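> I would like to see how this sequence folds:
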Amino acid sequence: MEMVNFDEQAIIRNSEIIYSQRGKIESIADSICEKGFDLLLFTSSGGSHSMLEPFAYYIRHHSRLPVESILSADLITGDCNRITEHTVAFLTSKSGDTGETLEAARWLKQQGIHLFSLVGKPDSALEMISDDTIVYREGRPQELAYYLLIGRILYNHGCFDAYQRFADELKGLGYALAQVRKQADAKCRQYAMDYCREPYNIWVGSGDLWPTAYSFSMCVLEESLWIRTKSVSSPEFFHGTLELLEDDVCLTLLLTEGPTRFMDERVKKFASHHTRKLTCFDTADYDLPGISDEFRTWLCPVVMAAVLQRISRNMEVITGHPLDTRRYYRKERY
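Alright, predicted model coming up:
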């Protein structure tokens, strides 16, 4: 069956848009390291912040570099007590004008903090505030810019010796993720048909895929498709949400290849005995042509995002609900 809403060549071109800026991204990373820092701060809003969170996770797991990840709305209330003039902040906004992100950027700038931003539109308000900016326009996945930026910072600090090979292989990331979409489509189409009208959904993930589970359930299922969904991390599942599991409750589990996988396996084992509507999406199931196995644990979020996009693209067609339809978001003042 033909895949709906799928253009392989566009996926490859979009990845190349970001990868073509590798030299600029690495120069920015080198400059950040040369100047020095006492904190790497990730802050943005909504799905953009969820996209950033795995990079704070990787820094924690692969180095002893100081790192924080805080929603912009929380940051401006004073929810980080480690910020100094030597902090470097990383922000992302597709539009470049997200309210809370802009407010946080201005607040940080007033304290003399170096700002790096990744934005989708040139000459945005966020770009005007930032010290360094990468504009990705139609480039996808946006994470590619941060793999190059954060990977280079870790490399410069002796924490990622294989970075150069990793970065070289990322040139083919768009192609690899297009193949993931092809591998996943049949399962995702069936999932969309089976569960697009469920009254209640539970989404579970851990580690570097917890932000993916959270973001997809909130930004896609809730915001874009108006499907009632609860997201919970694999370890927290056993501290409340497990009591809601019954035979007809839909539970979707994302399995990472990272160090928290055992937590996902624990949820899988329990849920398999308590609901007939358990679906597991496992990054280990998908081939990544052109990417060495040693780098798979770095790429779980973008692999899973490629898989899940096939759910949303199919649900859009099956339900007749366009993904860009909103009732309230950016339509009312709030």
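> now do the SS call for residue 118.
strand (DSSP: H, G, I helix; E, B strand; the rest coil).
> next one: the one 10 residues further on
Applying three-state DSSP to residue 128 yields a three-state assignment of helix.
> what is the burial count for it?
12 (other Cβ atoms under 10 Å). For glycine as for every other residue, the C-beta is placed from the backbone atoms N, C-alpha and C.
> can you check residue 257 too?
Neighbours of residue 257 using other Cβ under 10 Å come to 20.
> ok, the one 4 residues further on next?
For residue 261, the neighbour count with other Cβ under 10 Å is 20.
> OK, contacts around the residue sitting furthest away from the middle of the chain?
Here the chain reaches farthest from its C-alpha mean at residue 247, the gap being 30.8 Å by Cα atoms, centre = their mean. By Cβ atoms under 8 Å, 6 or more residues apart in numbering, the contact list for residue 247 reads 274-277.
> helices of the protein, start to end?
8-19, 22-35, 46-62, 72-75, 99-110, 125-129, 143-156, 163-169, 173-195, 210-215, 234-237, 261-271, 300-319 (DSSP state H).
> that older thread, now the phi/psi pair for the residue farthest from the centre of the chain, please.
phi -60, psi -30 (degrees, to the nearest 10).
> could you check the pLDDT of it?
Predicted confidence (pLDDT) for residue 247: 97.
> what about the residue nearest to residue 3 when sequence neighbours are not counted, distance to residue 176?
Once flanking residues are discounted, residue 3 sits nearest to residue 185: 5.1 Å by Cβ to Cβ, 6 or more residues apart in numbering. According to Cβ to Cβ, to the nearest Å, residue 185 and residue 176 sit 15 Å apart.
> repeat that for residue 248.
37 Å.
> more neighbours, these two?
Using other Cβ under 10 Å as the criterion, residue 248 and residue 176 rank with residue 176 on top: 23 against 10.
> measure the residue positioned nearest the centre of the chain to residue 125 for me?
The centroid of the chain falls nearest to residue 51 when counting by Cα atoms, centre = their mean (2.9 Å). According to Cβ to Cβ, residue 51 stands 19 Å off from residue 125.
> go ahead and confirm residue 15 touches residue 140.
Yes - the pair residue 15 / residue 140 is scored as a contact, 6.5 Å apart, by Cβ atoms under 8 Å.
> need the residues touching each of the two.
Contacts common to residue 15 and residue 140, judged by Cβ under 8 Å, 6+ apart, are residue 174.
> how about residue 46, nearest residue that isn't a chain neighbour?
residue 219 (6.3 Å).
> who's in contact with the closest residue to residue 199 other than its chain neighbours?
Excluding the flanking residues, the one nearest residue 199 by Cβ to Cβ, 6+ apart is residue 228, at 6.6 Å. Residue 228 sits next to 199-201, 222 when contact means Cβ under 8 Å, 6+ apart.
> swap the cut-off to 10 Å and go again
198-201, 217, 221-222 (Cβ atoms under 10 Å, 6 or more residues apart in numbering).
> farthest pair in those?
Distance extremes for the contacts of residue 228: the farthest pair is 199 and 217 at 14.8 Å, using Cβ to Cβ.
> look up how far residue 208 lies from residue 259.
For residue 259, the distance to residue 208 - Cβ to Cβ - is 9 Å.
> and if you look at residue 217?
From residue 217 to residue 208 the distance is 16 Å (Cβ to Cβ).
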